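Colleague: fold the following, please.
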Amino acid sequence: MNEKLDSLGPERVPPSRLRYRYNCENILKVLSKYLEESSYKAFSEARKGRMPNVYCTISLPIPEKDPKILGDFPLKVYEVPPQTVQPFALPRRKWRDFWINSFAFQAHPYHKEDILTTLGVLFEHERINYLPFIGVEDGNIYFSKDFDKGVTELRLLPVHKTTFKKERFIAPFRDYYEFLPYYLNVVETMEKMFNKELYENTNLAASRISEELVWTRRTKDGRDIRINNPLEIPNDLVPWGAFEYFLENNKCWLDQTNCRRCDKTCWPNITVDIDPGGKVSRKEVIDALTFIQSDLDNEGIKYIVKFTGKRGFHITAYCNSFKSPECNYIPLKVLKHSNEMSTKHIKQTIETLSQDPFEVARDYIRCKTDYWRGLAKGKLNFLVHDMSDYAGNMEYVTVDASVKRRAYYITYYSLTAKKTVCLPVCSNGTVTSLELVERIENISKNPSEILKHENELLDVEIKYNDSSFVKDFLEENERKIYKGQFEKVAKRLGIA
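Modeller: I've put the predicted structure just below:
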């Protein structure tokens, strides 16, 4: 096997360790809500002249008899966070037969998503599942330093405290040999997704099954796999046990993504992540999907629609660069929280966020969502974005704009953990129909027979857009969509 890929292989995990595992997706959803509330408290303090940072602490019980149970996890605490997040350790404390090791992460309230990104990567470390529980605390943090005495003081004001326990783990396959026939069929069609452009300067993450049923995201070293040769998947990664593939949603010019030390300029692709609630009908999902496609087609934007293997869809427009708005743009986070902010702080925040391509991409998707809902004149009232009070509601379709430096999206033609196949549906110029979606769903549910339908599957061809469509839309439409809020903030800033 390729030496580079072989060196990234995860450690073997005893099957007994796999019966109960942490549901990282649910943990991050809870923490997202908590950090949002902590951010509100921080904004309210800004009116008093000083805004605290927000923080999140994870407390891990380390058995006295096994002090090295976490392996290299403590090192990852300091390697994983991006530049916007500062990690630090708190004094450990004794509890029964354990030492509680606490690691904290602080960031400006506007960068709370980067704390979530950091925790998302760390929670994928296999050794987390060796611990009986994970304690979490979040809130506001004040930092002060007495230069005369050389003393630094951190004051933590908790808002939430909770404990997470493991859940029964339902594996997608009983063992490696049950998995292999499924994927050997799927991999035959994977050549359709291989374009050099798709993988050039892009990191790949993978879920893996070993002969003793190991299912982990990425690797034991916390590093992602960089490939440019399509043969590496069938020749190296499939025999290695990889079955679910994720692409990083940006252009990264490093061999391995390391945002803490990265001085390169990277930019995101634009992915409209359509996530329907449980009570949303298939017709409503298709109505939203076709309306969005029609609008993008009218603007001449090239994109690909992908079925994610469950009920959701991704519409991805690839960009060959990124241009930020030069005027008439106020970040949505500023519009939302301006009442709690001083004018000076508003100016500083606008200057910072408006130069962040990932923040601009998020605002574009959110503004577009509100624009689509208004343009549909009542037909898409169930469509909201992730900053809406109705986000995640069972009766709404949520457009997730969580575009982060380390955001990952499942690749085209990838087996999912539900034994379905993620499939491309269509590209720009082809309107999605109910019949087409039903056909794709039926093919997706039978991965072992996917070769029977090879002629029906889309040849993926990545076409890049000039990203000026993001800049132009925000400059022209943001102040119209949020007229009252925009004018209120503009008046405070002295903008005509």
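Colleague: in the longest helix that the chain contains, what counts as buried?
Modeller: Of all the segments of type helix in the chain, defined by DSSP state H, the longest one is helix 24-46. Buried residues in helix 24-46, counting neighbours by 16 or more other CB atoms under 10 Å, are found at 24, 27, 31-32, 34-35, 38-43, 45-46. The C-beta positions use only the backbone N, C-alpha and C, and glycine is treated the same way.
Colleague: out of those, which one sits closest to I365?
Modeller: S32 (16.8 Å; CB to CB).
Colleague: now the residue lying closest to that closest one once chain neighbours are set aside, what are its backbone angles?
Modeller: Distances taken as CB to CB, 6 or more residues apart in numbering put L116 closest to S32, at 5.8 Å, once the chain neighbours are dropped. Backbone torsions for L116, taken as degrees, to the nearest 10, come to phi -60, psi -40.
Colleague: go ahead and confirm L116 touches L35.
Modeller: Yes. Counting by CB atoms under 8 Å, L116 sits close enough to L35 to count as a contact (6.9 Å).
Colleague: distance check, the residue nearest to S32 against T84.
Modeller: The gap separating L116 from T84 is 12 Å, by CB to CB, to the nearest Å.
Colleague: strands of the stretch 51-200 of the chain, start to end?
Modeller: 53-63, 86-95, 98-107, 134-146, 151-164, 167-168 (DSSP state E, counting those that start in this stretch).
Colleague: D66 - how many residues pack around it?
Modeller: Counted with other CB atoms under 10 Å, the neighbours of D66 add up to 10.
Colleague: let me redo that: L154
Modeller: Residues lying near L154 (other CB under 10 Å) number 14.
Colleague: show me what contacts it?
Modeller: 88, 141-143 (CB atoms under 8 Å, 6 or more residues apart in numbering).
Colleague: so where is the stretch 251-400 of the chain shaky, pLDDT-wise?
Modeller: Counting by pLDDT under 70, the stretch 251-400 of the chain shows low-confidence ranges at 252-265.
Colleague: show me this protein divided up by domain.
Modeller: In the assignment given by automatic domain parsing, the structural domains of the chain cover 20-168, 171-496.
Colleague: was I right about I440 contacting T420?
Modeller: No. When contacts are counted by CB under 8 Å, I440 is not listed as touching T420 (10.5 Å).
Colleague: roughly how far out does stretch 423-442 sit from the chain middle?
Modeller: Here stretch 423-442 is found 24 Å from its chain centre; the criterion is CA atoms, centre = their mean, to the nearest Å.
Colleague: tell me the most buried of the strands of the stretch 51-200 of the chain?
Modeller: With neighbours defined as mean count of other CB atoms under 10 Å, those peak in mean count at strand 53-63, which reaches a mean of 22.
Colleague: then it to CSV, C-alphas only?
Modeller: Listed in CSV are the C-alpha atoms of strand 53-63, where the atom choice follows Å, rounded to 0.1, in the frame of the first residue of the first chain:
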residue,chain,number,x,y,z
ASN,A,53,-14.8,36.6,24.8
VAL,A,54,-16.8,33.4,24.8
TYR,A,55,-15.3,30.2,26.0
CYS,A,56,-16.1,26.5,26.0
THR,A,57,-14.4,24.0,28.4
ILE,A,58,-14.3,20.3,28.0
SER,A,59,-13.6,18.3,31.1
LEU,A,60,-12.2,14.7,30.6
PRO,A,61,-12.0,12.1,33.4
ILE,A,62,-8.6,10.4,33.2
PRO,A,63,-8.4,7.1,35.3
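Colleague: strand partners (parallel or antiparallel) of it?
Modeller: Strands that pair with strand 53-63, judged by DSSP bridges, come out as strand 98-107 (antiparallel), strand 134-146 (antiparallel).
Colleague: which residues are in contact with K279?
Modeller: Under the contact definition (CB under 8 Å, 6+ apart), the residues listed for K279 are 394-395.
Colleague: for it, helix, strand, or coil?
Modeller: Under DSSP: H, G, I helix; E, B strand; the rest coil, K279 falls in the coil class.
Colleague: and for the one 10 residues further on?
Modeller: Look at L289: counting by three-state DSSP, its state is helix.
Colleague: next, the contact list for the residue lying closest to it once chain neighbours are set aside, please.
Modeller: On the basis of CB to CB, 6+ apart, the spatially nearest residue to L289 that is not a chain neighbour turns out to be T432, at 5.3 Å. Neighbour list for T432: 286, 289-290, 293, 305, 425-426 [criterion: CB under 8 Å, 6+ apart].
Colleague: same question, L180
Modeller: Under the criterion of CB under 8 Å, 6+ apart, the contact partners of L180 comprise V238.
Colleague: do D370 as well
Modeller: By CB under 8 Å, 6+ apart, the contact set of D370 is 385, 481-482.
Colleague: which SSE is it in?
Modeller: D370 belongs to helix 357-375 when elements are defined using DSSP states H and E.
Colleague: residues in a beta bridge with the closest residue to S467 other than its chain neighbours, which ones?
Modeller: Closest residue to S467 in three dimensions, ignoring its sequence neighbours and counting by CB to CB, 6+ apart: C319, at 4.1 Å. Listed by DSSP bridges, the beta-bridge partners for C319 are N465.
Colleague: so how many other residues sit close to C319?
Modeller: Other residues within reach of C319, judged by other CB under 10 Å, total 21.
Colleague: correct me if wrong: it contacts C266.
Modeller: No. Taking CB under 8 Å as the contact criterion, C319 and C266 are not neighbours in contact, 11.0 Å apart.
Colleague: only C-alpha atoms, please: export the helix holding D370 in CSV.
Modeller: C-alpha atoms of helix 357-375 as CSV (Å, rounded to 0.1, in the frame of the first residue of the first chain):
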residue,chain,number,x,y,z
PRO,A,357,-14.1,35.3,2.7
PHE,A,358,-15.7,32.5,4.8
GLU,A,359,-17.9,35.0,6.7
VAL,A,360,-18.8,36.8,3.4
ALA,A,361,-19.8,33.4,1.9
ARG,A,362,-22.0,32.6,4.9
ASP,A,363,-23.7,36.0,4.6
TYR,A,364,-24.3,35.5,0.9
ILE,A,365,-26.1,32.1,1.5
ARG,A,366,-28.2,33.6,4.3
CYS,A,367,-29.1,36.7,2.3
LYS,A,368,-29.9,34.6,-0.7
THR,A,369,-32.2,32.4,1.4
ASP,A,370,-34.2,35.4,2.6
TYR,A,371,-34.2,36.8,-1.0
TRP,A,372,-35.6,33.5,-2.3
ARG,A,373,-38.3,33.4,0.3
GLY,A,374,-39.4,36.9,-0.6
LEU,A,375,-39.1,36.3,-4.3
